[in-house]
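Student: predicted structure and sequence below. I'll ask about it afterward.
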Amino acid sequence: MKKNKFIVIEGLEGSGKTTACKIIKNFLFLNNIKKVIIVRQPGSTSISEKIRKIIKNNNKKEKLNKFSELFLLYSARIQLMKNIIKPALKKGKWIISDRHNLSSIAYQGGGRGIDQSLIKILNNIINKISKPDLTIFLDVKLKIGLKRAFLRSNFDRIEQQSKNFFLKVKKYYLKFLSFEKNKIIINANNNKKIVQKNIISKFKNWINNN
Ligand code: T5A
């Protein structure tokens, strides 16, 4: 029996993270691993879901400051780590998280230009609770990802950012991914069928060795 794992899916908007979470859960189910929880960030606890609304919704009366955004995201993350992820891991459940610390490094560090040393301090607090065993990065071209996100629903507050913002996000994703030991990178520009096949094949290979 495999030891339970904490798996994180990362990528730009519309890269297919939510779809990938379901693919991995289904793969685990077919391999007789049934205690699996999918969570999303920000979100997945009642307080974190309230924070998600603040992060995503456009408040025309009051602009959200970039540091408020950062601290809100980490407040949501701590709630999730302490109340859901840590207890579930302790009980032997598998966790698949739609985004984690790397999103903050990329969006708040890269996109918003917040000093990485501050983000590192916050990440250390989170990592002390528990660290992911694997990060799966869905590498999508900005144009393709945003088109998919737009076709699904109107752009939220972050999706309305400039092309330059997302280029910086992508640059930081790739830079900080190079420091990650346990990672899988998937070309997410292809159609769903091909992406699914690649996710399963690389994940299967990883799980057989971990
Ligand atoms: N954020 C979050 C930060 O700034 N810092 C942080 O620390 C954290 C945690 C979260 C926002 O918060 C920001 C980043 C985000 O802007 P969100 O709604 O969770 O908001 O946004 P995303 O995480 O970007 O999620 P999306 O729903 O936009 O995209 P997904 O989950 O990557 O993609 P998915 O699977 O929902 O697919 C989107 C659409 O594309 C289709 C799907 O069917 C769906 O319609 N699709 C494909 N179509 C064609 N080919 C493929 N290969 C496809 N894969 C999926």
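Tutor: On my side now, so go ahead.

Student: for the closest residue to Q116 other than its chain neighbours, helix, strand, or coil?
Tutor: Nearest-residue entry for Q116: G109, 5.0 Å, with adjacent residues in sequence omitted and distances by CB to CB, 6 or more residues apart in numbering. In this view, the C-beta of every residue, glycine as well, is placed from N, C-alpha and C. Look at G109: counting by DSSP: H, G, I helix; E, B strand; the rest coil, its state is helix.

Student: hang on, isn't G109 packed against Y173?
Tutor: No - G109 sits out of contact with Y173 when judged by CB atoms under 8 Å, with a separation of 10.1 Å.

Student: ok, back up a step: do you know the pLDDT at the residue nearest to Q116?
Tutor: G109 carries a pLDDT value of 98.

Student: any idea how many residues pack against it?
Tutor: 24 (other CB atoms under 10 Å).

Student: can you give me the distance of it to the ligand?
Tutor: Computed as CB to the nearest ligand atom, to the nearest Å, the G109 to the ligand distance reads 9 Å.

Student: repeat that for I207.
Tutor: For I207, the distance to the ligand - CB to the nearest ligand atom - is 21 Å.

Student: what sits closest to that residue if chain neighbours are left out?
Tutor: K2 (6.8 Å).

Student: what's around the one you found, how many residues?
Tutor: Neighbour count of K2, defined by other CB under 10 Å: 12.

Student: help me confirm that it comes into contact with N32.
Tutor: No - using CB under 8 Å, K2 makes no contact with N32, being 9.7 Å away.

Student: overlap in contacts of these two?
Tutor: Common neighbours of K2 and N32, using CB atoms under 8 Å, 6 or more residues apart in numbering, do not exist here.

Student: which residues does the helix or strand containing I186 contact?
Tutor: Using DSSP states H and E, I186 sits in strand 183-187. Residues from elsewhere that reach strand 183-187 (CB under 8 Å, 6+ apart): 20, 134-139, 177, 195, 198-199, 202-203, 206.

Student: just the helices in this structure please.
Tutor: With helices called from DSSP state H, the chain shows them at 17-30, 46-56, 66-80, 86-90, 101-104, 116-129, 142-152, 163-177, 192-208.

Student: list, one by one, the residues from this protein near the ligand.
Tutor: 11, 13-19, 40-42, 55-56, 73, 99, 103-104, 107-108, 148-149, 152, 158-159, 188, 191-192, 195 (CB under 6 Å from any ligand atom).

Student: in ChimeraX, how would I select just the buried ones from the residues you listed?
Tutor: To isolate the buried ones among these in ChimeraX, judged by 16 or more other CB atoms under 10 Å, type:
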select :11,13,14,15,16,17,19,40,41,42,55,73,99,103,104,107,108,148,149,158,159,188,195
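
Student: L72: neighbour count?
Tutor: For L72, the count of nearby residues is 19 (other CB under 10 Å).

Student: list the contacts of the residue nearest to E49 when sequence neighbours are not counted.
Tutor: Closest residue to E49 apart from its sequence neighbours, by CB to CB, 6+ apart: G43 at 5.0 Å. Counting by CB under 8 Å, 6+ apart, G43 touches 49, 51-52, 76, 80.

Student: good, we can wrap up now.
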